[in-house]
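In: Please find the sequence and the predicted model below.
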Amino acid sequence: MWAKIRVPAWIGSQGARTGARKSVLTAASGLPLAAAHQGARVRPRAPSPALGRGGDDAAFDACGAIDQQMSAQYNQVAGDLYPGTKGHLVEYRTLGSTGLRVSALGFGCIRFAQCREENVAAALRRALELGINFFDTARAYGTSEEMIGRAIGSRREEHVLATKSHGRTAETLQNDLETSLRNLRTDHVDILLLHTVSDRETYEQVLGPGGGYEAALRAKEQGKVRHIGVSIHRDLPTMRRAIESGAFEVLMPAYTVMDPEGSGALLPLAIQHHMGTAIMKPLSGGQLVSPPGPGGLPLRPDPVVAGTLRWVGWDPNVTTVIPGMVSAQQVEDNVAAIEKGRLSDDERMELIALLGTLRKSYRYGQTCLRCGYCQPCPHGINVPAIFQAENMAREYPDNLKHMGKELYEAQERTAKDCEECRKCLEHCPAGIDIPERLREVDAFFGDE
């Protein structure tokens, strides 16, 4: 059954989005209107921004058949706006202390192994045409590195390339890196990230004697790696430690509108320590999408995707946002979204309301949008924090479940203090029966 979703006015129709693009720039500044009006962190577009060193055919192939007509429209409009720049439609930002200039919208390459290589190659090339210059992959992403190497390896000077390794020892990381370089058809990567360093034990192993970090430093000295970063899930104390260590130049956390892992709280600290922030899973691993349209086809443009990318991509503590993409259509739609600039307050409220209509359960069993609309509670209960604590205690890896209990015990008022006045219900956009859920949380922690 097709679920109807009203497309917000700020998304516009496909025709409006492409046909009206000549209104995107201000006559004087050449900056996106949204950015010019809001004083956003927009920097001039550069012609070669990467040069920091100097299944189903009958219905819809999820990995993307190219919409030729739309691509042609996009190229025509982009060419009118930016002659000589191959249609660059994104801005560039400095990636912390690396000095690299990266596109505000990056390209996450995690899903390539599931897709047809010709579609992946078309998406990568379309991204370069539209000015996307940050590409993120990993040894753990199946054939992703090989596909990147075959598609755009010959255009190495046009992009910033990041890969990741789960190597915990110096030997395993070095072996991973050598494999990555062969696969990517390059003699260096711009950023090598230690992959999923998401607990204290792993952190101490990779940074300890004989750990993966030693090999990363050695590779940097050899010119095979230009900068070192780290990706971290969930464990905020370890994330803080990594930020404050000075060992890394780039932080890659998971962050989205609902911030299921709480990493948004540490993004300002990363910026203070001159780290670049590259945001993975902005769409919550592909969950933040609208229901399919007629015939089971994805909505284009998708108001949930567009609004979420604008929310995350224009956060002042975000350098680049890297949604997973597998088709030229996705690339074009996501560029069009980011290019619209920061969401206004009204648009943010509209996005929250839209997410509320989805009635989904997200990562870690999260149903609360953490919008705070239920606050303040007359009885002093921090409802979003209470629900977050339960999600953590239930769904985090076993060695991190204690974080949920600790968060719960840190609350001045807990779920048992709910007096069921039900005043919160009229404000919850997700339609959660908050008193009932609080009873469930109370029972869960009471049985601990």
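Out: Noted; the coordinates are in hand.
In: in the stretch 151-300 of the chain, which spans are strands?
Out: Residue ranges of the strands in the stretch 151-300 of the chain, as given by DSSP state E, counting those that start in this stretch, are 160-165, 189-194, 225-232, 250-253, 276-279.
In: what would these look like in JSON lines with mean pLDDT?
Out: Formatted as JSON lines, these follow (pLDDT from 0 to 100):
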{"stretch": "strand 160-165", "mean pLDDT": "98"}
{"stretch": "strand 189-194", "mean pLDDT": "98"}
{"stretch": "strand 225-232", "mean pLDDT": "98"}
{"stretch": "strand 250-253", "mean pLDDT": "98"}
{"stretch": "strand 276-279", "mean pLDDT": "98"}
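In: can I get these in CSV with mean neighbour count?
Out: No exception for glycine: its C-beta is placed from N, CA and C like everyone else's. Listed next are these as CSV, based on neighbours: other CB atoms under 10 Å:
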stretch, mean neighbour count
strand 160-165, 26
strand 189-194, 26
strand 225-232, 25
strand 250-253, 27
strand 276-279, 26
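In: Now tabulate those in a markdown table and tack on distance to residue 211.
Out: Formatted as a markdown table, the strands of the stretch 151-300 of the chain follow (distance: least, CB to CB, whole Å):
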| stretch | distance to residue 211 |
| --- | --- |
| strand 160-165 | 12 |
| strand 189-194 | 9 |
| strand 225-232 | 12 |
| strand 250-253 | 18 |
| strand 276-279 | 22 |
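In: For residue 262, find the nearest of these.
Out: strand 250-253 (9.4 Å; CB to CB).
In: Can you tell me what sits against the closest one?
Out: 95-96, 98, 136, 162, 164, 191, 193, 227-233, 239, 242-243, 261, 263, 266-267, 270, 275-280 (CB atoms under 8 Å, 6 or more residues apart in numbering).
In: let's see 7 Å
Out: For strand 250-253, the external contacting residues (CB atoms under 7 Å, 6 or more residues apart in numbering) are 95-96, 98, 191, 193, 227, 229-232, 239, 243, 263, 270, 275-280.
In: Kindly report the same for stretch 356-374.
Out: Contacts for stretch 356-374 (CB under 7 Å, 6+ apart): 5, 258-260, 284-285, 287, 352, 355, 383-384, 387-388, 391-392, 394-396, 424, 427-432, 434.
In: And those, which of them are buried?
Out: 5, 258-260, 284, 287, 352, 355, 383-384, 387-388, 391-392, 395-396, 424, 428-430, 432, 434 (16 or more other CB atoms under 10 Å).
In: Please pull out the lowest mean pLDDT helix or strand from the chain.
Out: Least confident helix or strand of the chain, by mean pLDDT, DSSP states H and E, is helix 33-38 with a mean of 28.
In: what about the protein, any weak spots by pLDDT?
Out: 1-89, 447-448 (pLDDT under 70).
In: Touching, residue 403 and residue 395? I think so.
Out: No. Judged on CB atoms under 7 Å, residue 403 makes no contact with residue 395 at a distance of 11.2 Å.
In: So if we follow the domain assignment, how does this structure break up?
Out: 34-54+68-351, 362-446 (automatic domain parsing).
In: What residues does residue 289 make contact with?
Out: 283, 302, 304-305.
In: which residues of the stretch 151-300 of the chain fall in helices?
Out: Per DSSP state H, counting those that start in this stretch, the stretch 151-300 of the chain carries helices over the ranges 170-184, 200-207, 212-221, 236-245, 267-272.
In: Adding mean neighbour count, write the ones you listed out as a markdown table.
Out: Listed next are the helices of the stretch 151-300 of the chain as a markdown table, based on neighbours: other CB under 10 Å:
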| stretch | mean neighbour count |
| --- | --- |
| helix 170-184 | 19 |
| helix 200-207 | 18 |
| helix 212-221 | 20 |
| helix 236-245 | 18 |
| helix 267-272 | 18 |
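In: Fine by me, thanks again.
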